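Peer 1: return atomic coordinates for the entry below.
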Amino acid sequence: YLNDKDETAFYIEKCCGFNFLRHRRTDMKRNLRKAFAFILALTMVVSLFACGKKDANPDGGDSSSDDTFTIAYIGPLTGEASAWGTPEANTLKLLVDQVNAEGGIAGKKVILNTYDNRGDNVETTNAAKKAIEVGGADVIVGCNSSGASLALASVCEEYKVPSVATCATNSKVTEDDNGNVREWTFRVCLADPALGNVMAKYAYDELGLRRIGILKEISSDYSVGISDNFSDTFTSLGGEIVGVESYTAGDVDFRAQMTALHQKTPDALFLPMTYKELALATVQARDLGMDELFLGPDCWMAEDIFDLAGSAITGSYFVCTVDGNDSQLDSFKAMYEEAYHEPCDGAGQNAYFAYDAFVVIKQAVESAGSTAPKDIRDALETVENAQGLTTPITIRKDHKVIRSAIIFRVDAEKFEAIDTYMVDYGD
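Peer 2: Next up, the predicted model:
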């Protein structure tokens, strides 16, 4: 048996490189010997692969016979979206090193494998299958976008391996189109219905707004989902959505959409946009002479917005679940910056949610006393008051998350927390 996988790959290439049609010989014996060599080498490789990896168990049982527990992270580690994925992966590396120095989780050494999905749904599917089939993942952390998390959910269901999303807020991440719970998919952030509900109520009850326009990214499950949730709640309270405009990822000119919304005379605009697009849209709106109030969801929480948008966004409001100014974050921020020589929250709060996902998984494994994927899944449904970075986290059996939501006002140089709501699911 070959001991080195690189050497194995070399032999596969050498054997597969043989082409019977191109190198046809009259010497039948010579051809038969080469064919036999190819079949023998392939058999050896298959045997080595089967013996050398943790087999994925379709019943969700414990596939591990050693003293390790494998966590896979799937997220964008290259490209523009890596601004959100890299802090998540970095955070998990810090936490894994920390727990291993303390003896691991449930007596097992934790192994972290990271996979780059490039922010793409197809790449997510491929990465998930590799993480389970080759990497032997017992649980997956990811993804940080709703579209990728939906792609991941299908793989987790097929292989019976649980996943915990960091910042994927679309409600369909944890429930299907019929409202049934996705058995193997969880999250640590609040979902769009909760976030949209809180922002809409604050806009109507506290800010006194009655007419709102919306600009959403039509190609984003997140942006579309939270726009719908905000709209449903706002109109149910008696408010009016006076207009809805859309754009696609990569657009940089939003003046036409802003002008169209301005002509509807709204009191405010709801803008579920990432921080770079938000900066462009708000600066362009102010340049057009627009003075509407801007409202947004959790994706606004990025310190870089102050440099990019400047005064264009000052005085706006948004909803999020973590206060970046909370003193409880200080020790983690310092640890991260010491390790990676950059702040953890320049592009958003992804690092904080990766931390919370790890804490939730750790509690589930310790509660179950097992690293079997099915046991972890069952325990995740009973997580109660797991201490996240700034708040306790509880996961219900319907996979809805209980944690606080915070309303922020954008001041000149910081996000100011001004009100806190406990999420009410109406049951």
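Peer 1: flag every buried residue along stretch 254-271.
Peer 2: Neighbour counts over stretch 254-271 (16 or more other CB atoms under 10 Å) mark Phe254, Gln257, Met258, Leu261, His262, Lys264, Pro266, Asp267, Ala268, Leu269, Phe270, Leu271 as buried. Backbone N, C-alpha and C define where each C-beta goes, glycine included.
Peer 1: what about it, how long is it end to end?
Peer 2: 12 Å (CA to CA, to the nearest Å).
Peer 1: quick one: average pLDDT of that stretch?
Peer 2: Across stretch 254-271, pLDDT averages out at 98.
Peer 1: quick one: that stretch to chain centroid distance?
Peer 2: 30 Å (CA atoms, centre = their mean, to the nearest Å).
Peer 1: what's the answer for stretch 124-133, then?
Peer 2: On CA atoms, centre = their mean, the centre of stretch 124-133 falls 15 Å from that of its chain.
Peer 1: what lies in contact with that stretch?
Peer 2: 53, 56, 72, 74, 113, 115-117, 137, 140, 142-143, 148, 151-152, 154-156, 159, 161 (CB atoms under 8 Å, 6 or more residues apart in numbering).
Peer 1: ok so, going back, next, format the buried residues of stretch 254-271 as JSON lines and append distance to Tyr340.
Peer 2: Shown next, in JSON lines, are those (distance: CB to CB, whole Å):
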{"residue": "Phe254", "distance to Tyr340": "33"}
{"residue": "Gln257", "distance to Tyr340": "37"}
{"residue": "Met258", "distance to Tyr340": "37"}
{"residue": "Leu261", "distance to Tyr340": "40"}
{"residue": "His262", "distance to Tyr340": "42"}
{"residue": "Lys264", "distance to Tyr340": "45"}
{"residue": "Pro266", "distance to Tyr340": "42"}
{"residue": "Asp267", "distance to Tyr340": "42"}
{"residue": "Ala268", "distance to Tyr340": "38"}
{"residue": "Leu269", "distance to Tyr340": "36"}
{"residue": "Phe270", "distance to Tyr340": "34"}
{"residue": "Leu271", "distance to Tyr340": "30"}
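Peer 1: sort out which of these are in helices and list them.
Peer 2: Gln257, Met258, Leu261, His262 (DSSP state H).
Peer 1: dump the residue contacts of the last one.
Peer 2: Shown in contact with His262 (CB under 8 Å, 6+ apart): Ala285, Leu288, Met290, Glu292.
Peer 1: ok, 10 Å please
Peer 2: Gly213, Gly243, Leu269, Ala285, Leu288, Gly289, Met290, Asp291, Glu292 (CB atoms under 10 Å, 6 or more residues apart in numbering).
Peer 1: tell me how far the second one lies from Asp205.
Peer 2: The span separating Gly243 from Asp205 equals 22 Å under the rule CB to CB, to the nearest Å.
Peer 1: reformat the ones in helices among the buried residues of stretch 254-271 as TSV; add distance to Thr78.
Peer 2: Below are these laid out as TSV (distance: CB to CB, whole Å):
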residue	distance to Thr78
Gln257	30
Met258	32
Leu261	35
His262	38
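Peer 1: of those residues, closest to Ala372?
Peer 2: Of all these, Gln257 has the smallest distance to Ala372: 50.0 Å, by CB to CB.
Peer 1: doesn't Thr248 make contact with that closest one?
Peer 2: No - the pair Gln257 and Thr248 does not pass the contact test of CB atoms under 10 Å, sitting 11.4 Å apart.
Peer 1: most centrally placed residue in the protein?
Peer 2: The chain has Asn144 as the residue nearest its centroid, 1.5 Å off, counting by CA atoms, centre = their mean.
Peer 1: hmm, back to that, for the buried residues of stretch 254-271, name the two members farthest from one another.
Peer 2: It's Phe254 and Asp267 that sit farthest apart of the buried residues of stretch 254-271, by CB to CB, at 19.3 Å.
Peer 1: let me know the pLDDT of Phe10.
Peer 2: So Phe10 comes in at 35 (pLDDT).
Peer 1: same question for Phe38.
Peer 2: At Phe38, pLDDT is 54.
Peer 1: tell me if the residue nearest to the centre of the chain really is in a helix.
Peer 2: No - according to DSSP: H, G, I helix; E, B strand; the rest coil, Asn144 belongs to no helix; its state is coil.
Peer 1: in contact with it: list those residues for me.
Peer 2: Asn144 neighbours (CB under 10 Å, 6+ apart): 74-76, 81, 84-85, 87-88, 117, 119, 165-169, 189, 222, 348, 350, 353-354, 357.
Peer 1: mind checking which of the contacts of stretch 124-133 are in strands?
Peer 2: Ala72, Ile74, Asn113, Tyr115, Asp116, Ile140 (DSSP state E).
Peer 1: and the third one, how close does it get to Gly142?
Peer 2: The one in question is Asn113. 12 Å.
Peer 1: between these two, which has more neighbouring residues?
Peer 2: Gly142 (31 against 17; other CB atoms under 10 Å).
Peer 1: quick check: that one vs Asp323, distance?
Peer 2: Distance from Gly142 to Asp323, by CB to CB: 24 Å.
Peer 1: do the same with Leu271
Peer 2: On the measure of CB to CB, Leu271 and Asp323 end up 21 Å apart.
Peer 1: Glu175 against Ala191, yeah?
Peer 2: Yes - Glu175 lies in contact with Ala191 (CB under 10 Å); the separation is 9.0 Å.
Peer 1: who's more crowded, those two?
Peer 2: More neighbours surround Ala191 than the other of Glu175 and Ala191, with 27 against 18 (other CB under 10 Å).
Peer 1: ok, now which ones touch the nearest residue to that one once chain neighbours are set aside?
Peer 2: Spatial nearest neighbour of Ala191, excluding adjacent residues (CB to CB, 6 or more residues apart in numbering): Ser171 at 4.8 Å. Residues in contact with Ser171 (CB under 10 Å, 6+ apart) are Ser146, Gly179, Ala191, Asp192, Pro193, Ala194, Gly196, Gly225, Ile226, Asp228, Asn229, Lys400.
Peer 1: inside helices: which ones of those?
Peer 2: Those of the contacts of Ser171 lying in helices (DSSP H): Ser146, Asp192, Pro193, Ala194, Gly196, Gly225, Ile226, Asp228, Asn229.
Peer 1: now those residues in JSON lines, with distance to Ala364?
Peer 2: Listed next are the ones in helices among the contacts of Ser171 as JSON lines, based on distance: CB to CB, whole Å:
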{"residue": "Ser146", "distance to Ala364": "23"}
{"residue": "Asp192", "distance to Ala364": "24"}
{"residue": "Pro193", "distance to Ala364": "24"}
{"residue": "Ala194", "distance to Ala364": "22"}
{"residue": "Gly196", "distance to Ala364": "28"}
{"residue": "Gly225", "distance to Ala364": "26"}
{"residue": "Ile226", "distance to Ala364": "27"}
{"residue": "Asp228", "distance to Ala364": "31"}
{"residue": "Asn229", "distance to Ala364": "28"}
